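1. A structural model of the following input is requested.
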Amino acid sequence: QLNNLSIPVGETMIRLFEDAEGGVKPVTNELLEYQITRALKQFKSDCWKQLKNLFIPVGETMIQLFKDAEGGAIPVTAKLLEKQITRVLKSNKAQLDGALKRAIARVVKSNKDQPDGAIKRAKAYMRAVGRIMFNTFQAFNQHSVPRSTMLPIFQNLILRGCIPGDDNYERDDILKHIVPFTPNPEKNVIKDRIGMKIDEEDDSSQLWTPDSIFNKLIPDTFIHSRSLLLSGLEDGLSLGGKHTLSKLEEGSGLASALRAIPLEALQKIVFGKSTMTVEEVLAVLEPNYCRCEGGWEGTDKQLADEQRKQEKFFEGDFKKYLREEASKNSDFLEEFVQFCTGSNYLPFASPGVDKPFKITVEFNFTQPEPGCHPMAHTCVDTIRLPGTGIYFGSFDKLCKKMKEALAQCSRFDME
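-> Residues are numbered from 1 along each chain as shown. Next up is the predicted model:
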């Protein structure tokens with residue numbers, strides 16, 4: 001079985017022997033190093049696509065550490081994490097009975113910090129993510145870490161030690177950076193709070209002002225509330241040092257060296273675009289032909305004819321459009337995927353999963369009408385195209401309508 005001897009590198013198994021006439025031979029140093037380097041690069045690329053699949057085990061339950069947001073992934077708040085862990089532990093304890101319950105009770109009593117153990121595990125996971133990120137940052141020319149991995153507000157905090165309320169953190173930038181948390185922050189954060197009591201239960205409470213909103217409300221709501229996980233990430237990006245919650249705002253060990261670099265320049269140096277190819281995007285597309293609100297009113301033959309036209313368009317002009325635009329514009333695939341899903345990256349597809357990630361390309365006879373702009377339904381990862389008169393057979397018209405649709409949906413503000 002020597003020819004089956006392999007080493008795991010990420011999701012890739014690398015063989016150490018290869019077949020030869022009369023037996024097997026070890027692979028060459030050059031081939032082994034090349035395969036490991038390629039597998040590590042793929043591992044680092046895939047790693048950031050899997051952040052929303054990062055869970056900690058608590059009993060038989062898996063608790064998620066990240067959630068999706070516009071532009072990237074966001075660590076869950078410390079309050080939500082602690083609530084979920086406590087709820088699972090209570091639920092597990094409530095299900096036990098008899099002698100088993102008493103035996104477990106003795107174990108729990110001797111290990112009073114069981115919830116703390118789960119919290120420590122979550123921080124350890126985040127520290128590991130930080131370590132992988134630190135290692136990847138060293139390969140500046142490869143740009144393996146996409147910008148969507150760390151939202152700008154966290155980039156400023158962790159890599160520059162810059163938090164909302166700092167003099168050099170412009171308020172216009174702060175408002176842009178909290179859009180993933182709260183669409184239209186000018187209204188939902190500023191206008192809705194100005195003049196309201198800071199402590200609603202205290203009659204003598206001070207009122208929210210622009211200064212107190214930017215110096216206290218925004219840091220507390222969007223950063224300090226996630227301190228448990230963010231501090232673990234900072235620790236992973238700090239060689240030889242430990243971070244405490246009181247020092248969260250100082251950033252990681254990289255901050256002292258990177259603070260002087262403007263955020264826009266730093267993003268270009270250490271972050272890259274989301275890693276995806278046109279073939280990866282094409283592979284996740286799933287056509288859904290002949291959809292109709294209220295039912296089809298024509299004959300079966302007419303329906304079959306329309307489906308043939310839709311199939312020809314999907315395999316022809318639509319895929320041609322994606323290939324051509326991807327070759328002309330390096331940002332196009334991110335923009336297209338974000339239009340369809342609300343996220344600018346493709347989730348990692350684990351081998352053998354029952355329901356792999358797909359983007360549905362729906363041909364609908366009702367909406368949009370023939371020749372009109374494509375519609376996106378990001379909640380179900382769907383782009384909807386006209387079911388009849390598909391851009392009247394004009395490839396140029398398809399390109400024009402898609403370009404206009406993507407430009408109008410560059411942001412997903414929801415009232």
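2. next, count neighbours for Phe55.
-> 14 (other CB atoms under 10 Å). (C-beta placed from N, C-alpha, C; glycine too.)
3. next, give phi and psi for it.
-> Note on Phe55: its backbone torsions stand at phi -130, psi 160 [degrees, to the nearest 10].
4. residues near Leu406, how many?
-> Neighbour count for Leu406, taken as other CB under 10 Å: 19.
5. and it, what does it touch?
-> 335-336, 339 (CB atoms under 8 Å, 6 or more residues apart in numbering).
6. show me which of the residues you listed are buried.
-> 335-336, 339 (16 or more other CB atoms under 10 Å).
7. as JSON lines, these with distance to Lys247 and pLDDT would be great.
-> Converted to JSON lines, the buried ones among the contacts of Leu406 look like this (distance: CB to CB, whole Å; pLDDT from 0 to 100):
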{"residue": "Glu335", "distance to Lys247": "38", "pLDDT": "89"}
{"residue": "Phe336", "distance to Lys247": "41", "pLDDT": "93"}
{"residue": "Phe339", "distance to Lys247": "40", "pLDDT": "90"}
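8. closest to Gly59 among those residues?
-> Distance to Gly59 across the buried ones among the contacts of Leu406 (CB to CB) is lowest for Phe339, with 39.9 Å.
9. from Glu186, how far off is Phe43?
-> 41 Å (CB to CB, to the nearest Å).
10. of those two, which one has the most company?
-> Phe43 (17 against 9).
11. show me what the helix or strand encompassing Gly117 is packed up against.
-> Using DSSP states H and E, Gly117 maps to helix 114-137. With contacts taken as 3 or more CB pairs under 8 Å, 6 or more residues apart in numbering; DSSP states H and E, helix 114-137 sits against helix 29-49, strand 55-58, helix 78-94, helix 227-236.
12. looking at those, which is closest to Tyr289?
-> So among the helices and strands packed on helix 114-137, helix 29-49 is nearest, using CB to CB, at 29.0 Å.
13. rebuild the buried ones among the contacts of Leu406 as a markdown table, extending it with distance to Pro75 and secondary structure.
-> Below are the buried ones among the contacts of Leu406 laid out as a markdown table (distance: CB to CB, whole Å; DSSP: H, G, I helix; E, B strand; the rest coil):
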| residue | distance to Pro75 | secondary structure |
| --- | --- | --- |
| Glu335 | 26 | helix |
| Phe336 | 27 | helix |
| Phe339 | 26 | helix |
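14. point out where the stretch 201-350 of the chain drops to low pLDDT.
-> 240-246, 272-275, 348-350 (pLDDT under 70).
15. tally up the residues packed near Thr77, please.
-> Thr77 has 18 neighbours, counted by other CB under 10 Å.
16. not counting its neighbours along the chain, what's nearest it?
-> Ser225 (4.4 Å; CB to CB, 6 or more residues apart in numbering).
17. ok, Leu282 next?
-> Using CB to CB, 6+ apart, the nearest residue to Leu282 is Lys319, at 6.2 Å.
18. next one: that neighbour from Asp305, what distance?
-> Distance from Lys319 to Asp305, by CB to CB: 21 Å.
19. so for those two, which sits in the more crowded spot?
-> Between Lys319 and Asp305, counted using other CB under 10 Å, the more crowded position is Lys319 (16 against 12).
20. for Asn3, see how far away the more buried one is.
-> Distance from Lys319 to Asn3, by CB to CB: 39 Å.
21. where do the helices sit along the stretch 301-415 of the chain?
-> Assigned by DSSP state H, counting those that start in this stretch, the stretch 301-415 of the chain shows helices spanning 319-328, 332-341, 395-408.
22. Thr86 is nearest to which of these?
-> helix 332-341 (32.6 Å).
23. identify all contacting residues around that closest one.
-> So helix 332-341 is contacted by 273-274, 276-278, 281, 322, 325-326, 343-346, 359, 376, 378, 381-383, 405-406, 409-410 (CB under 8 Å, 6+ apart).
24. hmm, which of those residues are the buried ones?
-> By 16+ other CB under 10 Å, the contacts of helix 332-341 give 274, 276, 278, 281, 322, 325-326, 343-346, 359, 376, 378, 381-383, 405-406, 409 as buried.
25. so which of the helices and strands packed on helix 114-137 comes closest to Ile198?
-> helix 78-94 (18.6 Å).
26. and that closest one, what does it pack onto?
-> strand 55-58, strand 61-64, helix 98-110, helix 114-137, helix 227-236.
27. and among the ones you listed, the most buried is which?
-> helix 227-236 (a mean of 24; mean count of other CB atoms under 10 Å).
28. and of the contacts of Leu406, the nearest to Gly22?
-> Phe336 (52.2 Å).
29. output the helices and strands packed on helix 78-94 in a markdown table; the columns should cover distance to Glu201.
-> Listed next are the helices and strands packed on helix 78-94 as a markdown table, based on distance: least, CB to CB, whole Å:
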| stretch | distance to Glu201 |
| --- | --- |
| strand 55-58 | 33 |
| strand 61-64 | 31 |
| helix 98-110 | 35 |
| helix 114-137 | 28 |
| helix 227-236 | 24 |
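30. what about stretch 299-312, distance to the chain center?
-> 38 Å (CA atoms, centre = their mean, to the nearest Å).
31. same thing with stretch 208-225?
-> Per CA atoms, centre = their mean, the centroid offset for stretch 208-225 relative to its chain is 25 Å.
32. quick check: buried residues in that stretch?
-> Under 16+ other CB under 10 Å, the buried positions of stretch 208-225 are 208, 212-214, 216-219, 221-225.
33. one more: stretch 152-167?
-> 152-166.
34. of the buried residues of stretch 208-225, which belong to helices?
-> Secondary structure defined by DSSP state H assigns 212, 218-219, 221-222 of the buried residues of stretch 208-225 to helices.
35. closest one of those residues to Val145?
-> Phe222 (21.4 Å).
36. show me the contacts for the closest one.
-> Contacts of Phe222 (CB under 8 Å, 6+ apart): 153, 164, 178, 181.
37. Ile218 now?
-> 164-165, 174, 178, 189.
38. in helices only, show me those.
-> Per DSSP H, the contacts of Ile218 map to helices at Ile174.
39. and of the contacts of Ile218, the nearest to Phe363?
-> Looking across the contacts of Ile218 and measuring by CB to CB, the closest to Phe363 is Ile178, at 37.7 Å.
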